[in-house]
Every structure is written in structure tokens, then in C-alpha cells.
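Q: sequence-free structure coming up:
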């Protein structure tokens, strides 16, 4: 079985929303409400203190109990307001300082190359190719 989970971790908030990213604003959460709650929590906090990362953990689990895990992490900052129309979730407020753009402002092709999920999947692929890692 191959499964993954992803979330947003904001350093100033002690890693929140983390595993609760998709339901950060409650059980009836929407992307918009989650972003609004996040921005409210960070109100008055300077950009330098808004470091964050998108984190993905991908796990391959076998019925015999053996498993392997692979992690991807995209580092960035939480912007003070949404920008861009591509992507979903927290993409409009997740700023990539080196590009001076949010994830919602970059082309999908670039996002698919640098994302936390892409990093985890690439590590999985490398391990699969290397010495038959998943074989008995």
C-alpha cells in the first residue's frame, strides 16, 4: 500500500496547522476559511517570523509489516495577503521568497517540479531504482 499525507507547518504557530491543515477552521472548513484563520493568527507578525513549510510524507507499507517512508518539504513564508489564482489550499499565501511569488502565482509545471509532494515522490523513485530496495 502506498499512501501520503501533506500539511502546512508554520514555525511561529508551533507547527500548526500541521495534520489539521485541511480542517484548520473546523469540520466544515473551506480553503478560504482556512486561509482567513491562518492570516488572523498571524496578524501583526512580521514576514521574517512567518517561516513555514509544506510537508509531505509518503509511506510504502507491505503486508509483512515492512515499510519505507519518504519526506518532501517546500520552505517558504506566509504572505500577509492572498495572491494568485493557481493551485488550492494555502497556495495563495505561501510565498516563495527566492521567486517573490506565492505558489498560486507560479506555473503548474514549476509547482509540480518543486512541491513537497514531488520531492517525496522523487525520493521514492530513487529508492525504488536503487538496489531493489523494496524486494525481499
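A: Right, received. Where do you want to start? If you're wondering where the values come from, they're calculated on a predicted model, not measured in any experiment.

Q: any idea how far residue 96 is from residue 46?
A: As judged by CB to CB, to the nearest Å, residue 96 and residue 46 stand 18 Å apart. In short, each C-beta sits where N, CA and C put it, glycine included.

Q: low-confidence ranges in this structure?
A: Applying pLDDT under 70 to the chain flags the ranges 131-136.

Q: that one: helices as residue ranges?
A: 31-41, 108-114, 116-129 (DSSP state H).

Q: take these and write them to a markdown table, including mean neighbour count.
A: Formatted as a markdown table, the helices of the chain follow (neighbours: other CB atoms under 10 Å):
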| stretch | mean neighbour count |
| --- | --- |
| helix 31-41 | 16 |
| helix 108-114 | 12 |
| helix 116-129 | 16 |
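
Q: output these in CSV; the columns should cover distance to residue 57.
A: Listed next are these as CSV, based on distance: least, CB to CB, whole Å:
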stretch, distance to residue 57
helix 31-41, 20
helix 108-114, 17
helix 116-129, 7
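
Q: which of those helices sits closest to residue 89?
A: Nearest to residue 89 among the helices of the chain is helix 31-41; the distance by CB to CB comes to 5.3 Å.

Q: more neighbours, residue 96 and residue 46?
A: For residue 96 and residue 46, the more surrounded residue by other CB atoms under 10 Å is residue 96, and the numbers stand at 19 against 9.

Q: what sits against the more buried one?
A: Residues near residue 96 by CB atoms under 8 Å, 6 or more residues apart in numbering: 74, 76, 102, 103, 106.

Q: ok, now how distant is the most centrally placed residue in the chain from residue 118?
A: The structure's the chain has its C-alpha centroid closest to residue 54; by CA atoms, centre = their mean the separation is 2.3 Å. Per CB to CB, residue 54 is found 11 Å from residue 118.
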